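1. Structure for the following, please:
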Amino acid sequence: MKDLAGRSLTAFLWGAGGSIVKIILQFGAQVVLARLLGPTEYGLFALGVIVVSFSTFFSDMGLAYGLIQKKSVDVNDIRFVWTWQCMLGILVSGIVFYSAGSLANLFAKPEAEFIFQSLSLVVLINAVTSLSTNLLKKSLNFKILQVSELFSYFLGFGCVGIPLAISGYGGASLVAAWLVQSASNFIILYLQVRHPLTFKFWTTDGGHMLRYGATALGTYLINWVLNGADKILVGRIFSSYTVGLYTTAFNFVNAPSSAIYGNLQSIVFSACARLQDNHEALREVFLRLLSLITLITFPLFILIAVGSEFLIVIVYGVKWLDAAQLLTPFALAMPFLLIWGISTPILWNSGYTKLEFWLQLPMVFLWLAVLSTLTDSSPQVVATVAASLFALRCIVMVLAVVKILKISPRSFLNAIFGGIVLSLIVAFVSLSLRPSITAFNAAPPVQLLLLLSAGGIAYFLSMCLLVPMLVDERMAAYIMMGQKKLPQWTRPIVRYLLGNQK
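-> Just a heads-up that it's a prediction; the model follows:
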């Protein structure tokens with residue numbers, strides 16, 4: 001158990017560290033590209049992202065992901081998964097390519113046909129990469145995964161995308177960047193794993209693996225509809241310019257959150273796969289992570305929501321200012337994404353692999369009904385409703401975990417209490433001071449610095465004065481146990497805040 005905890009913590013730190021570097025790299029590249037290309041080009045590319053993300057579910061189907069949960073994996077399982085990944089990847093990629101024109105007409109944007117055709121190859125590459133990715137996750141080897149992601153992203157967007165955009169290739173530069181990134185990531189991961197490339201169309205456990213994949217596929221599709229339906233609506237009824245604003249505002253907070261979410265969910269899933277029969281251990285993992293996420297992310301994203309205008313102007317320029325009103329609701333929804341990231345693997349490893357599907361299915365009909373009433377609404381209204389639904393879905397998932405693991409209301413409230421208090425304090429301070437900061441009439445970077453300083457000081461002082469009330473003893477002990485693996489500059493702060501916690 002201690003060895004697993006240590007390996008999981010190491011994996012999380014590698015995942016978190018890699019995610020931070022990736023966020024910085026991705027953020028820098030996307031800002032440069034956004035300034036070079038503008039909202040319209042980004043809007044068209046965003047439609048391609050929607051199509052690829054939807055198609056990838058069918059080409060992947062969760063089959064390779066199921067290898068993580070299997071207690072033992074042999075060469076026949078690997079060959080079987082590889083065979084199906086290749087077949088599904090070729091099939092779905094071909095469908096996307098030949099239906100590109102129809103998809104462009106669906107969005108009423110014929111100029112997007114080239115983007116759909118080109119990105120169909122990404123669907124195939126993602127399908128064949130999935131096996132290597134999940135074998136590495138099963139072994140908790142997140143170091144290689146992070147190195148590969150960082151290098152391939154730098155190669156694709158830094159070395160290919162930006163130079164092409166400067167040379168005037170427009171949206172094609174984004175397409176080329178994504179293709180190079182996907183291909184280089186596949187090569188690096190395969191060279192690390194070197195799994196068999198021979199085909200095997202059936203294996204002893206094939207039926208179970210396909211059923212598991214089908215369950216995963218159904219769950220993924222439901223979540224995709226709930227996550228992407230608003231963007232399809234925006235793509236159909238608004239101009240490419242508005243689509244660019246909407247997706248850029250969403251990606252501004254979703255990209256870093258998803259990077260952390262992906263690593264967090266993968267690590268929790270891989271670690272909890274070894275604790276499937278130990279609900280007490282699963283309960284402890286869930287409560288500790290829930291406490292940590294609420295303590296850190298909710299106050300941070302509140303500051304981002306309050307300072308949305310300053311951030312957009314600084315990062316993207318004045319021509320993107322209209323995206324600020326869309327950024328605010330999306331920022332407030334992002335902490336729920338991270339909580340979701342720990343809820344799903346807990347459910348799946350508690351023996352309730354189909355529960356997420358049945359919990360989310362009614363939400364699909366609710367969301368589609370709500371969307372049908374938003375066709376004449378502004379983008380701001382669509383964004384607010386989408387963010388609200390996201391929070392609602394997360395709450396439903398958390399309540400399901402609480403019930404399954406038999407977490408008492410007192411234990412649950414203790415886990416989130418500190419985060420709620422800190423969030424209220426940061427929200428009160430930042431909202432109270434924002435009018436004065438705006439009236440100060442300084443440059444946007446100065447205004448943002450003042451806002452962040454005020455919120456940061458309020459957060460730190462609250463932690464210093466109220467830490468016994470905000471952080472329970474078990475959470476403090478958990479953090480202290482792993483503080484030696486934290487960056488060196490953070491250790492004195494952690495020891496100062498938590499060292500005297502009894």
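
2. So the protein: which segments form each domain?
-> 1-204, 239-471 (automatic domain parsing).

3. among the ones you listed, which is nearest Trp224?
-> domain 1-204 (5.9 Å; CB to CB). The way it works is simple: take the backbone N, C-alpha and C, and place the C-beta from them, glycine included.

4. now that closest one: how far from the chain's centre is it?
-> 14 Å (CA atoms, centre = their mean, to the nearest Å).

5. quick one: average confidence on it?
-> When pLDDT is averaged along domain 1-204, the result is 80.

6. ditto for stretch 320-327
-> Rounded mean pLDDT across stretch 320-327 is 90.

7. okay, how far is it across that stretch, tip to tip?
-> Stretch 320-327 has an end-to-end distance of 11 Å (criterion: CA to CA, to the nearest Å).

8. For Tyr212, which of the domains of the chain is the nearest?
-> Per CB to CB, nearest to Tyr212 of the domains of the chain: domain 1-204, 4.2 Å.

9. just to revisit the earlier point, a markdown table please, covering the domains of the chain and showing mean neighbour count and distance to Leu233.
-> Listed next are the domains of the chain as a markdown table, based on neighbours: other CB atoms under 10 Å; distance: least, CB to CB, whole Å:
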| stretch | mean neighbour count | distance to Leu233 |
| --- | --- | --- |
| domain 1-204 | 19 | 11 |
| domain 239-471 | 19 | 5 |
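
10. if we compare the ones you listed, which one ends up closest to Gly228?
-> Nearest to Gly228, of these and by CB to CB, is domain 1-204 at 5.7 Å.

11. so how many other residues sit close to the nearest residue to Ala108 once chain neighbours are set aside?
-> Leaving aside its sequence neighbours, Ala108 sits nearest to Arg236 (CB to CB, 6 or more residues apart in numbering; 6.4 Å). Arg236: 14 surrounding residues under other CB atoms under 10 Å.

12. List the contacts of Arg236.
-> Shown in contact with Arg236 (CB atoms under 8 Å, 6 or more residues apart in numbering): Leu106, Phe107, Ala108.

13. Distance check, the second one against Thr248.
-> Phe107 sits at a distance of 17 Å from Thr248 (criterion: CB to CB, to the nearest Å).

14. got it, and the last one?
-> Using CB to CB, one obtains 20 Å as the distance from Ala108 to Thr248.

15. ditto for the first one
-> Going from Leu106 to Thr248 by CB to CB gives 22 Å.

16. Ok, Tyr169 next?
-> 19 Å.

17. so where do the strands sit in this protein?
-> Using DSSP state E, no strands are found in the chain.

18. list the contacts for the residue nearest to Val73 when sequence neighbours are not counted?
-> Excluding its sequence neighbours, the residue lying closest to Val73 (CB to CB, 6+ apart) is Leu67, at 5.4 Å. By CB under 8 Å, 6+ apart, the residues touching Leu67 are Val73, Asp77, Ile78, Val81, Leu131, Asn134, Leu135, Lys138.

19. Just name the closest of the residues you listed to Ala391, please.
-> Asn134 (29.4 Å).

20. quick one: low-confidence parts of the stretch 351-500 of the chain?
-> 351, 353, 466-500 (pLDDT under 70).

21. need the helices for it, in chain order.
-> Secondary structure of the stretch 351-500 of the chain (DSSP state H, counting those that start in this stretch): helices at 355-372, 379-404, 409-439, 444-470, 473-482, 491-498.

22. ditto for the stretch 51-200 of the chain
-> In the stretch 51-200 of the chain, helices defined by DSSP H, counting those that start in this stretch lie at 66-69, 75-98, 100-106, 113-138, 142-153, 162-166, 171-193, listed in chain order.

23. Out of the contacts of Arg236, which comes closest to Ile23?
-> The closest of those, once distances to Ile23 are taken by CB to CB, is Phe107, at 29.2 Å.

24. Show me the residue at the heart of this structure, geometrically.
-> Ser258 (1.5 Å; CA atoms, centre = their mean).

25. Name the nearest residue to that residue, ignoring sequence neighbours.
-> Leu337 (7.1 Å).

26. So for Arg283, what's the nearest residue that isn't a sequence neighbour?
-> Per CB to CB, 6+ apart, closest to Arg283 is Leu405, 4.5 Å.

27. what does Tyr42 give?
-> Here the residue nearest Tyr42, using CB to CB, 6+ apart, is Gly244, at 4.1 Å.

28. Check the one you found and give its pLDDT.
-> So Gly244 comes in at 86 (pLDDT).

29. same check, this time on the one 4 residues further on
-> According to the model's per-residue confidence, Thr248 sits at a pLDDT of 87.

30. picking that back up, please produce JSON lines containing the contacts of Leu67, extended by distance to Phe186.
-> Output for the contacts of Leu67, formatted as JSON lines (distance: CB to CB, whole Å):
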{"residue": "Val73", "distance to Phe186": "20"}
{"residue": "Asp77", "distance to Phe186": "20"}
{"residue": "Ile78", "distance to Phe186": "16"}
{"residue": "Val81", "distance to Phe186": "15"}
{"residue": "Leu131", "distance to Phe186": "10"}
{"residue": "Asn134", "distance to Phe186": "13"}
{"residue": "Leu135", "distance to Phe186": "13"}
{"residue": "Lys138", "distance to Phe186": "18"}
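
31. Of the residues you listed, just say which sits nearest to Pro163.
-> Pro163 has its nearest neighbour among the contacts of Leu67 in Leu131, at 32.0 Å by CB to CB.

32. which ones are touching the closest one?
-> Ala64, Leu67, Ile78, Val81, Trp82, Gln85, Val193, His195.

33. quick one: the closest residue to Ala249 other than its chain neighbours and Lys231, what's the gap?
-> In this structure, Ala249 finds its nearest non-sequential neighbour in Leu326, 3.7 Å apart by CB to CB, 6+ apart. Using CB to CB, we find Leu326 at a distance of 12 Å from Lys231.

34. Common neighbours of the two, please.
-> Common neighbours of Leu326 and Lys231 (CB under 8 Å, 6+ apart) are Tyr246, Phe250.

35. show me what contacts the residue nearest to Ser258?
-> Contacts of Leu337 (CB under 8 Å, 6+ apart): Asn254, Ser257, Ser258, Tyr261, Phe390, Cys394.

36. Now do the contacts for the second one.
-> If you count contacts by CB under 8 Å, 6+ apart, Ser257 has them with Met334, Leu337, Leu338.

37. Would you agree the first one is in contact with Thr297?
-> Yes - with contact defined as CB atoms under 8 Å, Met334 counts as touching Thr297 (7.3 Å).

38. Could you name every residue contacting both of these two?
-> With CB under 8 Å, 6+ apart, Met334 and Thr297 have no common neighbours.

39. ok so, going back, any idea of the pLDDT on the residue nearest to Ala108?
-> 83.

40. Val123 against Gly89, yeah?
-> Yes - assessed by CB under 8 Å, Val123 is found in contact with Gly89 at 6.6 Å.
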